[in-house]
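Participant: Starting from these lines, generate the structure:
(2 chains)
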Amino acid sequence: MALLEVEELRVAFGAATAVDGVSFSVEEGKIVGLVGESGCGKSVTSLAVMGLLPKGRGGRRSKAPQPVQAAAAEPAPGAVKATAAAPQAVPAGGGRRRGGGAYVSGRAVFDGTDLLTLAPAAMRRRRGRDLAMVFQDPLSSLNPVVPIGRQITEVLERHRGLKGAKANQEAANLLDRVGIPDPTRRLKEYPHQLSGGMRQRVLIAIAVACAPRLLIADEPTTALDVTIQAQILELLKDLVDHEGTALLMITHDLGVVAGMCDEVNVLYSGRVVESAPVRELFARPTHPYTIGLLGSIPKLDLPIHEPLTPIRGSIADVIRWKDGCAFAPRCDRVAEACVSGEPALVGSPHAHRCVLAEEVA
Amino acid sequence: MSTEPRDEAVQDQAPQDQAVQDHAPQGEPAVEPEVADAEVPAQRAEEPAAPAARPVLLEVEDLKVHFPIRRGVVVERTVGHVRAVDGVSLSVPQGGTFGLVGESGCGKTTFGRAVLRLEEPTAGRVTLGGDDVTALGGERLRKFRSRMQMVFQDPLGSLNPRHNVDMLLSEPLKVHGVGSKAERRKLAVETLDAVGLPKSVLERFPHEFSGGQRQRLGIARALMLRPDLIVCDEPVSALDVSIQAQVMNLLDELQDEFGLTYLVIAHDLAVVRHLSDRVGVMYLGKLVEEADSESIYEHPRHPYTKALLSAVPQPDPEKEATRERIILKGDLPSPANPPSGCRFRTRCPWAEDICAEVEPEWREAASGHKVACHFDL
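Facilitator: Predicted structure coming up:
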């Protein structure tokens, strides 16, 4: 069984559904990509798995499946497996007033435990130890007024019980491992004294401090220059190869996906529209959105000045999944079948959510 | 669409649309030869010209921008300079596109701003269509600005949130005293049409648009005065992939329609390659390599360019598996105290003793291909 198994994950903020029934799994020693553009729900998915979303009333799934979306705007029962999320009773008012709270449902089974049902204290014990996260912007994820050494030893104290000189020694080892020269001196420095690449290394050092079994990296290189990006990606790959860490890679960059991931899930408007092993996805992209994304990227090996084939419109042009394919308003191949009912995710291991695409093997 | 050097291809001449180019400084110069080339897809009927055949519009000679580093509370002393741009020369032909690539902190944005006199150059000369931009001042400079405009990276941050589209687009015309209110509005509608936005958006405000639409507005504003030169600073890096392609295609189309000359500044090598005829690679305030876009990507000669190109992840798992990566060590050194000799030597995998002692000269390694490196790599 996979280390992390996410099933029918749904996250709604008031009336807005950010994640609309996402399922995927991550195995040990594998890199799985969640790809999509802004607003597709990829970051919210990772935050939900980490239990880092602000809680809305009734958000956590308890024993009896509760109504998920307070405003019941987009109930959209699961397309693949119609799970227990079926009863869509409208809750007794007021959900919307709590503004900012997230309503999470579905399952995120990590090593046999559903993370979404864990009490906050139990989740805190696991977070940082069993599963850890690297964020996009290292400057705002590090505390600006605390030396980086202290920010690393904090994790070591909490989860591994290391204190004082021992903790400092281990922190220096970690910095050394992520390729920061002169680690003992660096421990006393503050985040602003480090370059962007260094800061990202510090974040990775913190994330791997307890040798987590699952690492979630949310756009880990987007804020970095290409030469630094190459260094960081190499470092993450090393961790997976040598420690057997499972890596969930969240990115918009299909180049990064091609070079890093074993499996890819393409997200659009809160749902997986295509999912396949990496080579398969790039060799035979099936969903028009995936095809469109690949056609939009300028490539270094195409003839110069060949016009790109962009996807028309913008992500604002969307219809609700229960009424049809959310991508239909931007799709060139759109037909009647696309806007009459929910498209299901079909096929395995190469799955797609397009009613027009031929069955893929 | 921009221009492209294809020396070996057959070229015949087709007149360029100059209708809207009312500020053209050099009369009616550019002719656009068509290229018959098997590689070029059919929809690109009009292949552009070899830039060398066109008159130079923008000429930059040994431009330097140094920022003083000041210390002291009561009495400020200058204790050094950050050499953001430290002697860059380049020229862009009428209707051409020059792409400037480099990583953050290399001085590419400062260079673009100094060309437009948004930053005061410390030394050097910038001429636009023969007029010395660096010698202008006061009212003459202000008037001159109608010929050179800028498109910024962050479309939301560069549009006044309390101005509607009509006000945003009319403002440059008002500042330069162009037309009556009705004429300005007419021009705004025409320009909106050119960037692919309907007339109905005139009364709307920036926050009502998506990122891609905002960038279209930013481009429309830059177009309002029908400038000769547009400096595009990271025009697509804030946009989603599918929208990037729309905006890049738009920039190409507008170049044809309005006879624009672009200076494109970006960190993304694939974006620059796609938009530009000539590409310059900047490192720590200096150009390290300059060539037409085809040869710089096919035969990079400077170690930094090689490393940059090898670091770009390609959306193709087969190629990714075999891609030879040159991973550079360390970070960019401080531009306040650049390394002796060759600035890149501290990170260069091929560095030798000579690199620390002698600064490599800016030499022409092949026809039209300039590089600053001691070695022929």
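Participant: drop to CA atoms for contacts and neighbour counts, all remaining ones
Facilitator: Fine.
Participant: which ones are touching A:Ile297?
Facilitator: Shown in contact with A:Ile297 (C-alpha atoms under 8 Å, 6 or more residues apart in numbering or on different chains): A:Leu308, B:Val241, B:Ser242, B:Ala245.
Participant: An error on my part: the question was meant for B:Met248.
Facilitator: Per C-alpha under 8 Å, 6+ apart, neighbours of B:Met248: B:Val236, B:Leu275.
Participant: and the residue in the stretch 201-350 of chain A that chain B sits nearest to, how far is that from A:Leu300?
Facilitator: Chain B sits closest to A:Gly255 of the stretch 201-350 of chain A, with a gap of 3.9 Å, by C-alpha to the nearest C-alpha. Between A:Gly255 and A:Leu300 the distance is 11 Å, computed by C-alpha to C-alpha, to the nearest Å.
Participant: shared neighbours of the two, anything?
Facilitator: In contact with both A:Gly255 and A:Leu300: B:Gln314, using C-alpha under 8 Å, 6+ apart.
Participant: coming back round to it: output the contacts of A:Ile297 in a markdown table; the columns should cover neighbour count, secondary structure and distance to A:Ala102.
Facilitator: Converted to a markdown table, the contacts of A:Ile297 look like this (neighbours: other C-alpha atoms under 10 Å in any protein chain shown; DSSP: H, G, I helix; E, B strand; the rest coil; distance: C-alpha to C-alpha, whole Å):
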| residue | neighbour count | secondary structure | distance to A:Ala102 |
| --- | --- | --- | --- |
| A:Leu308 | 19 | coil | 38 |
| B:Val241 | 25 | helix | 28 |
| B:Ser242 | 25 | helix | 28 |
| B:Ala245 | 26 | helix | 33 |
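Participant: Quick one: name the residues of the stretch 201-350 of chain A near chain B.
Facilitator: Within the stretch 201-350 of chain A, the positions adjacent to chain B are A:225-231, A:252, A:254-259, A:278-279, A:282, A:292-294, A:296-300, A:303-312, A:314, A:316 by C-alpha under 8 Å from any C-alpha of the partner chain.
Participant: Out of the residues you listed, name the ones that lie in helices.
Facilitator: Counting by DSSP state H, these place A:226-231, A:254-259, A:278-279, A:282, A:292-294, A:296 in helices.
Participant: residues contacting the residue in the stretch 51-200 of chain B that chain A sits nearest to?
Facilitator: Of all residues in the stretch 51-200 of chain B, the one sitting closest to chain A is B:Glu103 (5.8 Å; C-alpha to the nearest C-alpha). By C-alpha under 8 Å, 6+ apart, the residues touching B:Glu103 are A:Asp225, A:Val226, B:His267, B:Met282, B:Tyr283.
Participant: Any figure for the gap between the closest residue to the first one other than its chain neighbours and B:Ala266?
Facilitator: Which is A:Asp225. With C-alpha to C-alpha, 6 or more residues apart in numbering or on different chains as the criterion, A:Asp225 has its nearest non-adjacent residue at 5.8 Å, and that residue is B:Glu103. According to C-alpha to C-alpha, B:Glu103 and B:Ala266 sit 9 Å apart.
Participant: what do you get for A:Glu263?
Facilitator: Per C-alpha to C-alpha, A:Glu263 is found 31 Å from B:Ala266.
Participant: what about B:Pro80, which helix or strand?
Facilitator: To be clear, residue B:80 is Gly; Pro isn't right here. Using DSSP states H and E, B:Gly80 sits within strand B:77-93.
Participant: Does anything pack onto the following helix or strand past that strand? Which helices or strands?
Facilitator: As assigned by DSSP H and E, the chain's next helix or strand after strand B:77-93 is strand B:97-101. In terms of contacts (3 or more C-alpha pairs under 8 Å, 6 or more residues apart in numbering or on different chains; DSSP states H and E), strand B:97-101 is packed against strand B:261-266, helix B:269-275, strand B:278-283.
Participant: Which positions in stretch A:161-170 come out as buried?
Facilitator: By neighbour count on 16 or more other C-alpha atoms under 10 Å in any protein chain shown, the buried set for stretch A:161-170 is A:Leu162, A:Ala167, A:Asn168, A:Gln169, A:Glu170.
Participant: next one: stretch B:330-344
Facilitator: So for stretch B:330-344, counting by 16+ other C-alpha under 10 Å, buried means B:Gly330, B:Leu332, B:Pro333, B:Pro335, B:Ala336, B:Pro338, B:Pro339, B:Cys342, B:Arg343, B:Phe344.
Participant: Could you do stretch B:306-323 as well?
Facilitator: Neighbour-count burial for stretch B:306-323 flags B:306-317, B:320 (criterion: 16+ other C-alpha under 10 Å).
Participant: re earlier: would you list the helices and strands packed on strand B:97-101 in a markdown table and tack on distance to chain A?
Facilitator: As requested, the helices and strands packed on strand B:97-101 are arranged in a markdown table below (distance: least, C-alpha to the nearest C-alpha, whole Å):
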| stretch | distance to chain A |
| --- | --- |
| strand B:261-266 | 11 |
| helix B:269-275 | 5 |
| strand B:278-283 | 11 |
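Participant: okay, these in TSV with mean pLDDT next?
Facilitator: Converted to TSV, these look like this (pLDDT from 0 to 100):
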stretch	mean pLDDT
strand B:261-266	96
helix B:269-275	92
strand B:278-283	95
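Participant: need these in JSON lines with distance to A:Pro191 and mean neighbour count, can you?
Facilitator: JSON lines is the format used below for the helices and strands packed on strand B:97-101 (distance: least, C-alpha to C-alpha, whole Å; neighbours: other C-alpha atoms under 10 Å in any protein chain shown):
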{"stretch": "strand B:261-266", "distance to A:Pro191": "26", "mean neighbour count": "26"}
{"stretch": "helix B:269-275", "distance to A:Pro191": "29", "mean neighbour count": "25"}
{"stretch": "strand B:278-283", "distance to A:Pro191": "25", "mean neighbour count": "26"}
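Participant: and A:Leu3, which of these is closest to it?
Facilitator: The closest of the helices and strands packed on strand B:97-101 to A:Leu3 is helix B:269-275. By C-alpha to C-alpha, the value is 36.6 Å.
Participant: Any chance you could list what contacts that closest one?
Facilitator: Helix B:269-275 is contacted from outside by A:298-300, A:304-306, B:2, B:97, B:99-101, B:248, B:252, B:264-266, B:279, B:293-294, B:297, B:309, B:312, using C-alpha under 8 Å, 6+ apart.
Participant: what about the strands in the stretch 201-350 of chain A?
Facilitator: For the stretch 201-350 of chain A, the strands defined by DSSP state E, counting those that start in this stretch cover A:214-218, A:246-251, A:263-268, A:271-277.
Participant: Which one, of those, ends up nearest to B:Val231?
Facilitator: Closest to B:Val231 of these is strand A:246-251 (C-alpha to C-alpha; 29.3 Å).
Participant: Return the list of strands paired to the closest one, each annotated with direction.
Facilitator: Strand pairing for strand A:246-251, determined by DSSP bridges: strand A:31-35 (parallel), strand A:214-218 (parallel).
Participant: Pick the most buried one from the ones you listed.
Facilitator: For the strands paired with strand A:246-251, the largest average neighbour count (mean count of other C-alpha atoms under 10 Å in any protein chain shown) is found in strand A:31-35, namely a mean of 27.
Participant: could you give the angle of it to strand A:263-268?
Facilitator: Put simply, strand A:31-35 runs at 10 degrees to strand A:263-268, going by axes from the mean of the first three to the mean of the last three C-alpha atoms, to 10 degrees.
Participant: Just after strand A:31-35, pick out the following helix or strand.
Facilitator: Using DSSP H and E, the helix or strand that follows strand A:31-35 towards the C-terminus is helix A:42-49.
Participant: mind checking how far that next one is from the chain centre?
Facilitator: Relative to its chain's centre, helix A:42-49 lies at 5 Å (C-alpha atoms, centre = their mean, to the nearest Å).
Participant: Identify the residues contacting the closest residue to B:Asp316 other than its chain neighbours.
Facilitator: Nearest residue to B:Asp316, sequence neighbours excluded (C-alpha to C-alpha, 6+ apart): A:Ala258, at 5.5 Å. Taking C-alpha under 8 Å, 6+ apart, we find A:Ala258 in contact with A:Val278, A:Arg279, A:Phe282, B:Pro313, B:Gln314, B:Pro315, B:Asp316, B:Pro317, B:Glu320.
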